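A.B. asks: From the sequence below, what's the structure:
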Amino acid sequence: MSYLFATPDETQQMLQEIGVKKIDDLFEQIPASVRRTEELDIPPALSEIELNRVLNQVSAEFARQGDRTCFQGGGAYDHFIPATVDEICSRGEFYTAYTPYQAEASQGTLQAFFEFQSLIAELTGLDVANASLYEGASALAEAIIMAIRCTNRAGKVVISGSVHPEYIQTVRTYLHRHPCEIVVVDTIDGITDWQQAAQKIDDKTAAVVVQHPNFFGCLEDVQSVVDQAHAAGALAIEVFDPVSLGVINRPGDYGIDIAVAEGQSLGIPLQFGGPYLGLMACREKFVRKMPGRLIGQTTDKTGRRAFVLNFQTREQHIRRDKATSNICTNQGLMALRASVYIAQLGPQGFVELGKQCCHKANYTAEKLTEAGLGTLAFPHAFFKEFVFQFKQPVAEIITKAKAAGFNLGPELNRFELGNGAPENSLLIAVTEKRTREEIDRLVTALKS
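C.D. replies: Down below sits the predicted model:
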């Protein structure tokens, strides 16, 4: 129904009904020291005609940005989305259905999540996946908290310095009031210093975290991570790129215990930063410690196939302080988009997708180098993303690219990377959408 403001008379009637004189009385239980007293810094209200004018100006600006060619990465990527994804997911029965709290009443919703879990489990090579999380960064934080529960160790978590810096920042926020120590291992030439990591991992360590391909695009020695973690009795956690799994080993192939990812590349538009999709899969023995929802298959009293919420150990239900997380829902519509996208591509499609990303990224790096614009920052294999160290200041490079209709970045100096990134370096991502002609035009523009 349409939202209408309450009139002053209606407001007074409601206050009288609940036994208070004014709205401020409703906030008496909040200590005065934490209340905001100053006015919010917001612009004055607009008339309808003024608001329409502003919205038209903003939408026109965004339309022009959409015409630009994107070589940006750092966690969100400009991948092609088949038309079938929008066609299916925009159907009314999918598009308008919110995740019901008594989901057994909606067998279609449960089946969609069950299929999503099955696809993610197969994609990662692990036993079980949940019905999705919010996005990649919080999925990693939840995986670490899950590892602490599984190992009964709250002393330490060892994280590779090549994990996305915003993911590490999110983990620090989640564990801010937790006694667990967060140890970040240095990087050498774009990959983790696993000799240093070996000195940090001990019998107090709950988990060891690696990203593969890592934040710099380089491929890590995941097997070394798994071996070091398991030797100390810790769990191995991998942050993976789902698009890469057509051409590189799956987390389960290495013996990873918990795998998490940002699922935006699976049929979800960039859409200015969200909503996105958090993926999580693990080994079956850890399933009861997994956060969020887990959908299972059974039969009803007539013998027909039925879907149920096997686990929903959240504090909103009966679990309270025994809850495995405070996740209140799952990204249902985004998970549906990912399911349709994965099913549309199929196994061979994922192989072709991975090959195109890898070949085009390497072609771009070669052309930038041949043009004398700089060199690869790190001497390691990469998938679809790489760090390039330019001879010119990166601000000039970005300005040149922008003038020619290209988006580059992000600049690595905006992140806290320790010794991770050399001066004048940019992170460049090349997906299957980029053509040879676009790559050559970018190189020509930067060389001019």
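A.B. asks: what's the closest non-adjacent residue to residue 159?
C.D. replies: residue 209 (4.4 Å; CB to CB, 6 or more residues apart in numbering). C-betas here are computed from N, CA, C, even on glycine.
A.B. asks: ok, how many other residues are close to the one you found?
C.D. replies: Other residues within reach of residue 209, judged by other CB atoms under 10 Å, total 29.
A.B. asks: how close does it sit to residue 302?
C.D. replies: 46 Å (CB to CB, to the nearest Å).
A.B. asks: Can you classify residue 295 as helix, strand or coil?
C.D. replies: strand (DSSP: H, G, I helix; E, B strand; the rest coil).
A.B. asks: Find the residue ranges of the protein scoring beneath the pLDDT cut-off.
C.D. replies: Along the chain, the parts satisfying pLDDT under 70 run over 1-3, 63-66, 96-105, 312-321, 418-420.
A.B. asks: all helices for it, in order.
C.D. replies: 8-18, 48-66, 83-89, 92-95, 107-124, 136-151, 165-174, 194-200, 222-231, 251-254, 332-370, 394-403, 436-447 (DSSP state H).
A.B. asks: Show me the one of those that comes nearest residue 307.
C.D. replies: Each of the helices of the chain has some distance to residue 307 by CB to CB; the shortest is helix 107-124, at 3.6 Å.
A.B. asks: check contacts around residue 208.
C.D. replies: By CB atoms under 8 Å, 6 or more residues apart in numbering, the residues touching residue 208 are 157-159, 197, 201, 225, 228-229, 234-237.
A.B. asks: Skipping its backbone neighbours, what lies nearest it in space?
C.D. replies: residue 229 (4.0 Å).
A.B. asks: Next: residue 293.
C.D. replies: In space, residue 293 is closest to residue 131, 4.3 Å off (CB to CB, 6+ apart).
A.B. asks: what are the phi and psi values for the one you found?
C.D. replies: phi -80, psi 30 (degrees, to the nearest 10).
A.B. asks: so it sits right up against residue 330, yeah?
C.D. replies: Yes - if you go by CB atoms under 8 Å, residue 131 and residue 330 touch, sitting 4.5 Å apart.
A.B. asks: More neighbours: the two, which one.
C.D. replies: Taking neighbours as other CB under 10 Å, residue 131 and residue 330 compare with residue 131 leading, 28 against 21.
A.B. asks: need the contact list for the more buried one.
C.D. replies: 113, 116-117, 292-295, 330, 332, 335.
A.B. asks: hang on, the earlier thing: identify the contacts common to residue 131 and residue 330.
C.D. replies: Common neighbours of residue 131 and residue 330 (CB under 8 Å, 6+ apart) are 113, 292-293.
A.B. asks: quick revisit: is the residue nearest to residue 159 in contact with residue 156, as I believe?
C.D. replies: No - counting by CB under 8 Å, residue 209 stays clear of residue 156, with 11.7 Å between them.
A.B. asks: what separates the residue nearest to residue 159 from residue 193, distance-wise?
C.D. replies: In terms of CB to CB, residue 209 sits 14 Å off from residue 193.
A.B. asks: For the nearest residue to residue 126 once chain neighbours are set aside, which residues are in contact?
C.D. replies: In space, and not counting its chain neighbours, residue 126 is closest to residue 281: 4.0 Å by CB to CB, 6+ apart. Counting by CB under 8 Å, 6+ apart, residue 281 makes contact with 120-121, 124, 126-130, 251-252, 258-259.
A.B. asks: What subset of those residues is buried?
C.D. replies: 120-121, 124, 126, 128-130, 251-252, 258-259 (16 or more other CB atoms under 10 Å).
A.B. asks: ok, the residue lying closest to residue 239 once chain neighbours are set aside - how many residues close by?
C.D. replies: Using CB to CB, 6+ apart and skipping the chain neighbours, the partner closest in space to residue 239 is residue 211 (4.0 Å). By the other CB under 10 Å criterion, the neighbourhood of residue 211 contains 28 residues.
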